[in-house]
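**Student:** Quick one, what's the 3D model for this:
(one chain, ligands or ions: 1)
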Amino acid sequence: MPGCMLPAVMAAGMSTPAQLGLLAPGPRVGMVPPSAVKLVYGTPLAHRLDTKNFSIQWVSASMSVSTARRVGEYMEEAWLALVWGEGWMAPTSSDAYLLTVILDPSLGGTGLTLIVEDEAYPRGVPLMYIHPEWDNAPAFLTSLCAHEFSHALQFGHRDWYSGGGTESWYWEASAEWHAEQAQPSANTYAWSAQYYAAAPQADHYSLAGYHQYGMFLLNAYLDEYRIGSDGFRDIWQENQDLDWTEEIAGAVGDEPAAIWAGFGAAYISESLRESHLYTLPVTVDGTTALEGWLGSHYIPLGAVSGEITLDGGVGAVVRGEQWVVFEGRAEIPSAEGEAWLVVVNPDPSPLRYSYSLGPESDPDTGETERPGPVQELGSLSDLAGLKGRGCGCATGTTGRVGWYLMPMLLWRRRAARG
Ligand SMILES: [Zn+2]
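**Tutor:** Model prediction:
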């Protein structure tokens with residue numbers, strides 16, 4: 001959702017509709033009334049259409065009411081999927097008040113969500129904006145509504161403005177994944193994969209070229225392979241105001257670089273559930289430095305087998321739908337197809353690394369020669385293991401198979417030679 005204005009607004013340090021020159025309902029006055037029916041928050045704009053949980057408002061009488069009706073419908077669908085379906089806590093103000101959605105044709109982007117300060121609600125009251133021109137693209141509008149509603153949910157758990165430069169990427173990466181969860185058949189979220197695919201080597205928190213939206217791919221991997229959608233939700237709902245990499249590592253129970261290597265492996269092997277919709281990443285030959293913190297290089301290896309040695313960073317060696325996350329040395333999976341090496345930079349400074357292949361297995365003789373010294377196996381505690389399609393959503397424990405599998409494979413090979 002590259003038209004979402006929230007990252008730019010955050011970067012500019014602005015947080016209120018007045019600072020941004022945007023329409024807003026008048027402030028709430030008086031006590032929060034006990035009511036069985038949700039009330040409109042503050043003084044509404046001239047025109048409005050209320051649904052069960054939202055008040056869709058606009059100014060111009062020339063705007064079609066049917067646009068408001070559709071936005072209300074899509075917002076309710078997002079509420080149903082994310083609050084009821086995925087168990088996200090609704091914004092606290094929504095116990096008493098409808099959530100305000102303003103249709104603003106002068107909006108400088110597709111959508112925006114802000115927080116209005118209110119002493120009755122310490123986390124603030126969400127205020128969503130949608131550009132009504134997207135009514136002519138219904139699939140996009142459904143995703144846009146889910147994306148902005150996602151931000152309204154996120155503000156209930158995290159203070160955007162205190163997070164610094166590594167904060168906003170995960171808001172957008174998560175709002176994009178929410179768009180998929182809320183509208184699984186719309187698939188417009190998948191367009192954002194191109195923004196990661198164009199610069200996988202960038203810092204994980206990069207906001208250049210809409211990179212943050214493409215980082216939904218990480219959430220696809222976390223959801224589908226590591227912690228499920230409940231785990232994805234709990235990264236937010238149980239966050240401790242730490243940097244996102246620490247929150248994600250804590251939720252998964254693995255080091256960030258190992259998590260990113262697994263993500264890269266699932267992505268390049270097209271093992272994510274909707275991989276057929278995702279743009280694949282730019283590739284490199286492994287001779288250039290890897291610039292970004294938790295940035296990744298995707299290196300095609302061709303039809304190789306045997307072992308691979310990597311002298312820096314965290315790797316994943318992939319073939320078919322199998323992969324091994326490793327440091328130091330690993331056995332290339334014996335599945336069908338071309339092999340890939342994914343290299344992840346675990347540090348904020350650029351990573352210089354090299355890799356080598358060998359020895360290769362010869363299926364006729366089983367005899368191979370080791371072309372020079374091979375590095376010692378990396379720390380076993382740093383190794384994560386084999387993971388393939390069909391294993392379902394898993395906790396971090398499945399990532400440890402390689403601990404014993406790799407030495408066993410090496411032993412087998414030596415035994416066969418001997
Ligand atoms: Zn956004």
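**Student:** Show me which residues of the chain are close to the ion?
**Tutor:** 4, 6, 172, 175 (Cβ under 5 Å from the ion). For glycine as for every other residue, the C-beta is placed from the backbone atoms N, C-alpha and C.
**Student:** What's opposite the residue in the stretch 1-150 of the chain that the ion sits nearest to in the beta bridge?
**Tutor:** Going by Cβ to the ion, the ion is nearest to C4 of the stretch 1-150 of the chain, at 3.0 Å. Judged by DSSP bridges, the bridge partners of C4 are G111.
**Student:** The longest strand belonging to the chain: partners in the sheet, and parallel or antiparallel?
**Tutor:** In the chain, assigned by DSSP state E, the strand with the most residues is strand 307-319. Take DSSP bridges as the rule and strand 307-319 pairs in its sheet with strand 322-331 (antiparallel), strand 339-344 (antiparallel), strand 355-357 (antiparallel).
**Student:** hang on, the earlier thing: can you pull the contacts of the residue of the stretch 1-150 of the chain closest to the ion?
**Tutor:** Shown in contact with C4 (Cβ atoms under 8 Å, 6 or more residues apart in numbering): 109-112, 147-148, 151, 172, 175, 213.
**Student:** 7 Å instead, please
**Tutor:** 109-112, 147, 172 (Cβ atoms under 7 Å, 6 or more residues apart in numbering).
**Student:** P7 now?
**Tutor:** 168, 172, 207, 212.
**Student:** Check for me that it belongs to a strand.
**Tutor:** No - applying DSSP: H, G, I helix; E, B strand; the rest coil, one finds P7 to be helix, outside a strand.
**Student:** worst-scoring helix or strand of the protein, pLDDT-wise?
**Tutor:** Least confident helix or strand of the chain, by mean pLDDT, DSSP states H and E, is strand 386-388 with a mean of 32.
**Student:** circling back: please narrow the contacts of P7 to those residing in helices.
**Tutor:** Applying DSSP state H to the contacts of P7, the entries found in helices are 168, 172, 212.
**Student:** So how do I select the buried members of those in PyMOL?
**Tutor:** Of the ones in helices among the contacts of P7, the buried ones go into a single PyMOL selection, burial set by 16 or more other Cβ atoms under 10 Å:
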select buried, resi 168+172+212
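**Student:** so can I have TSV of the ones in helices among the contacts of P7 showing pLDDT and distance to L341?
**Tutor:** Converted to TSV, the ones in helices among the contacts of P7 look like this (pLDDT from 0 to 100; distance: Cβ to Cβ, whole Å):
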residue	pLDDT	distance to L341
S168	93	31
E172	97	28
Q212	97	26
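**Student:** quick check, nearest of the ones in helices among the contacts of P7 to the ion?
**Tutor:** Taking the ones in helices among the contacts of P7 together and measuring to the ion by Cβ to the ion, the closest member is E172, at 4.9 Å.
**Student:** need the contact list for G26.
**Tutor:** G26 touches 42-43, counting by Cβ under 7 Å, 6+ apart.
**Student:** you'd agree R48 is up against Q57?
**Tutor:** Yes - using Cβ atoms under 7 Å, R48 is in contact with Q57, at 4.3 Å.
**Student:** The stretch 51-200 of the chain: strands as residue ranges?
**Tutor:** Using DSSP state E, counting those that start in this stretch, the strands assigned to the stretch 51-200 of the chain run over residues 54-58, 99-103, 111-118, 121-130.
**Student:** quick check: angle from the second one to strand 111-118?
**Tutor:** I take that to be strand 99-103. Inter-element angle recorded for strand 99-103 and strand 111-118: 140 degrees (by axes from the mean of the first three to the mean of the last three Cα atoms, to 10 degrees).
**Student:** What lies in contact with strand 99-103?
**Tutor:** 23, 25, 41, 45, 53-58, 63, 67-68, 71, 75, 91, 126-130, 132, 152.
**Student:** Stretch 173-191 too?
**Tutor:** Here stretch 173-191 has contacts from 1, 77-78, 81-82, 86, 139-140, 142-143, 146-147, 150-151, 154, 192, 212-213, 215-216, 218-220, 223, 229, 232, 236, 274, 277-278, using Cβ under 7 Å, 6+ apart.
**Student:** same question, stretch 65-84
**Tutor:** Contacts for stretch 65-84 (Cβ under 7 Å, 6+ apart): 49, 51-54, 56, 58, 88, 90, 101, 103, 130, 132, 135, 141-142, 145-146, 149, 153, 178, 181-183.
**Student:** Could you pull up the contacting residues of S143?
**Tutor:** Applying Cβ under 7 Å, 6+ apart to S143 gives the contacts 1, 179, 183, 186, 188-189.
**Student:** With distance to Q322 and mean pLDDT added, can I get the strands of the stretch 51-200 of the chain in TSV?
**Tutor:** Below are those laid out as TSV (distance: least, Cβ to Cβ, whole Å; pLDDT from 0 to 100):
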stretch	distance to Q322	mean pLDDT
strand 54-58	46	98
strand 99-103	45	98
strand 111-118	40	94
strand 121-130	43	96
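**Student:** Same list (those strands) but as a markdown table, adding distance to L351 and mean neighbour count.
**Tutor:** A markdown table is the format used below for these (distance: least, Cβ to Cβ, whole Å; neighbours: other Cβ atoms under 10 Å):
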| stretch | distance to L351 | mean neighbour count |
| --- | --- | --- |
| strand 54-58 | 47 | 26 |
| strand 99-103 | 44 | 26 |
| strand 111-118 | 36 | 22 |
| strand 121-130 | 39 | 21 |
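**Student:** With distance to I268 added, can I get these in CSV?
**Tutor:** Shown next, in CSV, are these (distance: least, Cβ to Cβ, whole Å):
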stretch, distance to I268
strand 54-58, 40
strand 99-103, 39
strand 111-118, 31
strand 121-130, 35
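**Student:** right, so of these, which gets closest to A266?
**Tutor:** Closest of the strands of the stretch 51-200 of the chain to A266 is strand 111-118, at 29.3 Å (criterion: Cβ to Cβ).
**Student:** how far is the closest one from where the chain is centred?
**Tutor:** Mean C-alpha position of strand 111-118 versus that of the full chain (Cα atoms, centre = their mean, to the nearest Å) differs by 22 Å.
**Student:** what does that strand rub up against?
**Tutor:** 3-6, 9, 15-17, 28, 124-131, 144, 147-148, 151-152, 155.
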